[in-house]
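A.B. asks: Generate coordinates for the sequence data below:
(2 chains)
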Amino acid sequence: MKKIMGLIILTAALTLVLAACNRDDDTVSGAWSPYAQPITIVTHVAPGGGMDVATRLFIDIARQYTDATIIVENMAGGGTRIASDEVLGRPADGYTIFGAAMSNVNTAVAQGWDLNHYIDGYHWIAKIQRDPAAVIITNEAKNAGMDFNGVLNQAREMGGEQIWAVPVLGGNKHFEALLIWQATGVEGMAMPFESGPLGAAAVLGGEAHVQMGNPFDTSGRDLWVAAIASPERMPGFEDSPTFAELGFPQLNDMHMWRGYAVRKGTPPEMIEWFQNLVTQVSRNPEWIEYNAGNAIAPTAVFTEEFRAIIQDTIDTTLYWSRYLGILD
Amino acid sequence: MELLRNLFDGTVLMMGFMPLLMIFIGVAVGIVLGTIPGISTSMAVALLLPFTFTMNPLYGMALLLGCYKGGNYSGCIPAVTINTPGTPSSVPTLFDGYPMAKSGRGGEALGILLWSSFVGGIFGTLVLVLFATPMARWALNFWSAEYFALCVLGLASVATLGGKHWQKALIAVLFGLLLNTMGTDPLLGTQRYTFGLIRLFDGFHLMPILIGLFALGELFHNLENYKTSDQKHEKHTYTYPKLLYYWKLKWEMLRASVVGTLVGILPGAGSAIASFLAYDLEKRVSKNSANFGKGAPEGVAASGASDSANTGGSLVPMLALGIPGAPTVAVLMSALMIHGINPGPEMFRDQPTLVYGMFASMFIASTFVLFIGWAGLRVWVRTTNVKKPILYTFIFLFTIIGSFAIRNSMFDVGVCIAFGLIGWIFKRFGYPVAPVVLGVVLGRIMEMNFRRAIMRDGAAGFYTRPLALIFLILAVAAIVYPFIQQYRAERKAKLITEDKRE
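C.D. replies: Residues are numbered from 1 along each chain as shown, chains lettered A, B, ... in the order given. Prediction:
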């Protein structure tokens, strides 16, 4: 009898444990605590990708301010949708964060995904990095007297055959190149080289004339930023003029952002806690130094302001996708 | 002279307890993780990456480079022992490694693999140390037309892979190329044959295909022919050849090392092309070419050395130009960047201690691979002595876990099983599966480069650029030559028969 009773109690206990494990309700009762369980930041890039490296360093620095366990989960593929689906499929309990970048929004819009779900399903809590756009040529060309105006003159001479290396067609860098051509009245040919480094190799080897990238693409390489989208000249790039200086102030805000989002319905106390953490990390000298070394402007832009930037990304993507015939 | 002094300084720096310990840990972790199909070298290095954040950059790089070297070597071990390539570049290793292991020569095959990895590793590192800058400049001359032509040359190895059954090999390679048409168009971003499945947006991941085709295909084939009544468990006794034996394979190892290093230097070419090209070259020049695919030691030596030499080559564009030539190198580069160091030509000027310390750690890591690999040899080789029912169960388990581990996806498990069935069908009807892999590996690179070359220069790009033209001519020759050889042999045989009749 004792054995049977013991078995019944054990079964009941196991059932309770399993039921607790299987809980998938979207709401969290009681006050939210960062220590209750590990917080997972899901990124759409493979280990070593820009967002992955930034997030891992962010977590490393964040340890100075919190004892919460934060881990990174890489869910690359599906044009960023696998990661997004994973985050949106998990409970809005504040223990899953989406490590997002501009490409997430670009892809969602250009692929015609349901924006109510893939954009408005998120609370965009914090933008952490602003990576300015840059027009890049070789140091050799610069030494031979080439500059941004020289690039424009060459484009006019080549009658639309000047090659601009971009990672993918219909992506953010392609849009930036189109914006530059529109603003300056020249024409070029965007050619996809899959990644920034391969685009840099194409420019260094002469296969492409110009790279549309970020200042970081020149780091350590024999390349020079001929024009930069920044309010003022960037440290480490003092000899690179801004678009405003070159007479194109409308191009001065082109940049790529990285930030974090959580599912709508996430406890407000989690959002507040994480935004405080972002503020602390953004002031950390190690974080500032890392960003400066990579020619990135660290930022701490929250909720409404960040959502406005998202909207701007949506509008830009829609405009150029229609222009290129990708969307109707 | 300055180079020698810097290298000496770097070596002295790496001779302390901590750096040696870091290299040792890196190599050991790399070897252990690399033997698990599904865990690529880049994944293994990325797993160690966070540990380097708080380390001295040199120690951090020593750890990661050790892991890179160790993982690169051990990816070939399951190819020999259980017919499962740990990485795409280790596919050619199994052509001869597995038949050797099946016939009780596993110790010999693994020994050759170990020594060829050592030789390739040292050779690749030497080229990196001596010629990084000029070689990287040479690599920049490779435009899309050259990459496409190089891929065509790679595909030409089908002619040797297929042998007499070249038609079947051709069908297999076309199947592989067609698989590449699935997924997002790399140029225009439109969906091709994805059937609304998100997991197909990026096409098929290569690893589940590899694991399925080779490991599961072989497993299903063995199960089909397995009879409990007449199976006696045959235990092999393993012999490990003497050093002199490996010395006899020196030219094979060296030739393959040259191919591996040169292809490694090209950013975006990938180590798989190098392995296939090195294997193909060796099969063509070897006096023992008839035994290739049946257990030729030269085949194992060629693929092992090429794969290992590729690591040194792939670091050339990173250190000389700041351009990562392989996924693992991209992780290594991010490790440097986290410490505020930007790889590139300025690194030699600003951080000579770090650069030459890295070079020294690569030489030391290759040596550690030799010793740790030698110690592990007796463990790996015993895999082939495990009773078949147990071995088959474990292989099945590892293939499922391995294919899941790549992206934590059950879809990949499904792909692995589906390709296992395809591999089994191929085997049943005598179709080689290696050309499928070649098609999958090269297909995407070929498509991208072909379309880019056409966009830039039209068809003229292929015949106005000398290197591209040479590669294309070599590819045609590589395909046509075996037919000429066969025709000559048949004619000779015919003449001899006629002479005898007369």
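A.B. asks: CA atoms for contacts and neighbours, from now on please.
C.D. replies: OK.
A.B. asks: If I look at A:Ala20, what pLDDT would I see?
C.D. replies: A:Ala20 carries a pLDDT value of 49.
A.B. asks: list the buried ones in the helix or strand bottoming out on mean pLDDT in chain B?
C.D. replies: Least confident element among the helices and strands of chain B, by mean pLDDT, DSSP states H and E: helix B:158-162 (a mean of 72). Residues of helix B:158-162 classed as buried: B:Val158, B:Ala159, B:Thr160, B:Leu161, B:Gly162 (neighbour count, 16 or more other C-alpha atoms under 10 Å in any protein chain shown).
A.B. asks: export those residues to CSV and tack on distance to chain A?
C.D. replies: Below are the buried residues of helix B:158-162 laid out as CSV (distance: C-alpha to the nearest C-alpha, whole Å):
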residue, distance to chain A
B:Val158, 28
B:Ala159, 31
B:Thr160, 32
B:Leu161, 31
B:Gly162, 33
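A.B. asks: coming back round to it: neighbouring contacts of the least confident helix or strand of chain B?
C.D. replies: Counting by C-alpha atoms under 8 Å, 6 or more residues apart in numbering or on different chains, helix B:158-162 makes contact with B:166, B:168-170, B:173, B:280, B:283-284, B:432, B:434-435, B:478-479, B:482, all of which sit outside it.
A.B. asks: Grab the nearest non-local neighbour of the residue most central in space within chain B.
C.D. replies: Centroid-nearest residue in chain B: B:Ser89, 1.6 Å away (criterion: C-alpha atoms, centre = their mean). Nearest residue to B:Ser89, sequence neighbours excluded (C-alpha to C-alpha, 6 or more residues apart in numbering or on different chains): B:Ala272, at 3.9 Å.
A.B. asks: Please apply the same query to A:Pro249.
C.D. replies: Once flanking residues are discounted, A:Pro249 sits nearest to A:Phe243: 5.8 Å by C-alpha to C-alpha, 6+ apart.
A.B. asks: Just confirm that neighbour contacts A:Met254, I think it does.
C.D. replies: No: A:Phe243 is beyond contact range of A:Met254, at 9.8 Å (criterion: C-alpha atoms under 8 Å).
A.B. asks: Which neighbours do these two have in common?
C.D. replies: Taking C-alpha under 8 Å, 6+ apart as the contact rule, A:Phe243 and A:Met254 both touch A:Ala229.
A.B. asks: ok, these two, which is more surrounded?
C.D. replies: Between A:Phe243 and A:Met254, A:Phe243 has the larger neighbour count (other C-alpha atoms under 10 Å in any protein chain shown), namely 27 against 22.
A.B. asks: Kindly give the local confidence score, pLDDT, for that one.
C.D. replies: As predicted, A:Phe243 sits at a pLDDT of 97.
A.B. asks: Surely the residue nearest to B:Ser89 is in a strand?
C.D. replies: No: counting by DSSP: H, G, I helix; E, B strand; the rest coil, B:Ala272 falls outside a strand, being helix.
A.B. asks: How about the contacts made by it?
C.D. replies: Contact analysis of B:Ala272 by C-alpha under 8 Å, 6+ apart lists B:Pro88, B:Ser89, B:Ser90, B:Asp307, B:Val441.
A.B. asks: Tell me the most packed of those residues, by neighbour count.
C.D. replies: For the contacts of B:Ala272, the largest number of neighbours (other C-alpha under 10 Å) sits with B:Asp307, at 37 neighbours.
A.B. asks: can you pull out the strands in the chain?
C.D. replies: Since you didn't name a chain, this refers to chain A. A:39-43, A:70-74, A:96-101, A:122-132, A:134-138, A:163-166, A:189-192, A:210-213, A:223-228, A:255-263, A:297-302 (DSSP state E).
A.B. asks: not what I meant, chain B
C.D. replies: B:183-184, B:191-192.
A.B. asks: Is the last one in proximity to chain A?
C.D. replies: No: contact of strand B:191-192 with chain A (C-alpha under 8 Å from any C-alpha of the partner chain) is absent, the minimum separation being 9.2 Å.
A.B. asks: tell me the mean pLDDT over that strand?
C.D. replies: pLDDT averaged over strand B:191-192 gives 88.
A.B. asks: To what extent is B:Gly293 buried, counted in neighbours?
C.D. replies: Using other C-alpha under 10 Å, B:Gly293 is surrounded by 22 other residues.
A.B. asks: OK, contacts around it?
C.D. replies: B:Gly293 neighbours (C-alpha under 8 Å, 6+ apart): B:Phe95, B:Asp96, B:Pro99, B:Gly299.
A.B. asks: could you dump the residues you listed to CSV with neighbour count, distance to chain A and pLDDT?
C.D. replies: CSV is the format used below for the contacts of B:Gly293 (neighbours: other C-alpha atoms under 10 Å in any protein chain shown; distance: C-alpha to the nearest C-alpha, whole Å; pLDDT from 0 to 100):
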residue, neighbour count, distance to chain A, pLDDT
B:Phe95, 24, 31, 90
B:Asp96, 24, 33, 93
B:Pro99, 20, 35, 92
B:Gly299, 34, 32, 93
